[in-house]
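Peer 1: Sharing a model prediction with you, sequence too.
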Amino acid sequence: MEPTSFDMLDVLCPMHLVLSDAGRVVHVGPTLRKLRPEQALVDRGFLDIFAVKRPRAIGSVAELCAVAGAKLHVNFRDSPQTELKGVLVPGPGRAQTIVNLSFGISILDGVRDYALSAADFAATDLTIEMLYLVEAKSAAMEASRNLNKRLQIARVAAEEQAFTDTLTGVKNRRAVNHVLSGLIASRAQFALMQIDLDFFKAVNDTLGHAAGDHVLQTVARIMVEETRGHDTVARVGGDEFVILLEAIQDRATVERIGRRIIDRLQQPIAYRDQTCVIAGSIGTVLSHTYEEPDADQILADADIALYASKHAGRARQTFFRPELRDAADVRVAPFPDPATVSRLA
């Protein structure tokens with residue numbers, strides 16, 4: 001084959017090889033040379049460079065030439081063992097054969113592994129158009145993934161905001177309803193504490209709402225510190241809180257948690273140069289005491305137990321028992337005199 005013919009093949013088929021009648025490489029196209037830049041492919045046997053996967057049982061040059069015109073599936077014997085498609089045809093020169101190769105569907109791997117560009121393919125090769133389409137699709141999919149990720153983050157943030165009390169940072173009533181419904185539906189064991197602050201109105205009336213907000217934030221922090229990370233602490237009203245203690249049915253454990261909260265709430269809370277004195281009353285229900293737990297009934301019973309604590313003198317925890325529902329005289333005890341408030345400090 002004349003050198004000018006090689007030049008034509010280099011332009012039209014940049015991934016070709018020209019073989020001698022003995023199956024040795026006499027010329028290599030420029031793109032194929034780029035796949036093995038540190039190797040001299042010329043004068044090496046085709047079957048020494050490539051393993052023929054299909055057609056099967058190709059082990060000699062004669063068998064290779066016998067499948068002229070058929071599609072070949074080959075891969076490099078050394079690493080990376082890139083798979084290539086090809087076809088073998090007799091060349092215009094005597095005793096010469098041309099094998100034209102391409103990446104086929106492995107083009108993306110080829111471009112990645114060998115840093116190929118449009119200049120490495122024939123001008124009429126549709127591979128370039130396919131690469132543009134793949135790149136455009138990849139860019140669109142990446143943009144879609146990023147958008148979905150941003151939307152997911154925004155959705156989670158919106159849900160979190162919808163379940164959060166903006167003043168204290170703990171959960172709100174909506175969150176309590178959601179978590180409580182989930183616990184009941186899954187038949188999980190839990191304890192629910194309804195907590196109301198005693199003497200909070202006096203803080204607001206004497207020191208102002210800014211002091212009251214500071215107290216509420218401090219109370220919320222105390223409750224979070226005295227519970228576990230997977231428990232739910234929520235502010236459900238002005239000075240009303242609910243704590244859901246998951247996977248707890250031991251009354252003694254719940255009593256200890258309630259006592260720690262009550263003790264800490266009785267400690268004076270500093271605000272600027274003033275001291276805020278409050279206390280906390282707790283009404284508690286245990287889910288395992290109900291044959292068929294109902295969210296509304298549990299909350300109502302916790303409220304009944306809470307006001308039993310207030311009626312009994314405040315700063316205590318009362319566990320709900322059915323007879324409390326019949327105690328029509330459960331009322332909030334009157335505020336103690338200032339001397340009592342001083343002793344609480």
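Peer 2: Structure's in. What do you need?

Peer 1: quick one, domains of the protein?
Peer 2: 3-123, 126-160, 163-344 (automatic domain parsing).

Peer 1: I'd like the ones you listed written out as JSON lines, with mean neighbour count added.
Peer 2: Placement of C-beta: from N, CA and C, glycine included. Shown next, in JSON lines, are those (neighbours: other C-beta atoms under 10 Å):
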{"stretch": "domain 3-123", "mean neighbour count": "15"}
{"stretch": "domain 126-160", "mean neighbour count": "11"}
{"stretch": "domain 163-344", "mean neighbour count": "17"}
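
Peer 1: all strands of this protein, in order?
Peer 2: With DSSP state E, the ranges of strands along the chain come out as 16-20, 25-28, 50-54, 71-76, 83-90, 96-102, 190-198, 232-235, 240-246, 269-271, 274-276, 279-286, 317-319.

Peer 1: show me where pLDDT drops low in the chain?
Peer 2: Along the chain, segments meeting pLDDT under 70 span 1-4, 92-95, 128, 131-132, 134-135, 327-345.

Peer 1: how does it look with 50?
Peer 2: 328-345 (pLDDT under 50).

Peer 1: show me where it has helices.
Peer 2: 3-12, 30-35, 46-49, 61-65, 107-114, 127-162, 173-185, 200-207, 209-225, 251-265, 295-311, 338-344 (DSSP state H).

Peer 1: quick one on the thing from earlier: can you say which of the strands of the chain is nearest to Leu167?
Peer 2: strand 232-235 (7.3 Å; C-beta to C-beta).

Peer 1: Extract the C-alpha set from the closest one and format it as PDB.
Peer 2: Provided in PDB are the C-alpha atoms of strand 232-235 (Å, rounded to 0.1, in the frame of the first residue of the first chain):
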ATOM      1  CA  THR A 232     -39.500  15.100  71.700                       C
ATOM      2  CA  VAL A 233     -39.600  18.400  73.700                       C
ATOM      3  CA  ALA A 234     -42.300  20.800  72.500                       C
ATOM      4  CA  ARG A 235     -43.800  24.100  73.500                       C
END
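
Peer 1: which strands and helices sit next to that strand?
Peer 2: Counting contacts by 3 or more C-beta pairs under 8 Å, 6 or more residues apart in numbering; DSSP states H and E, strand 232-235 packs against helix 173-185, helix 209-225, strand 240-246.
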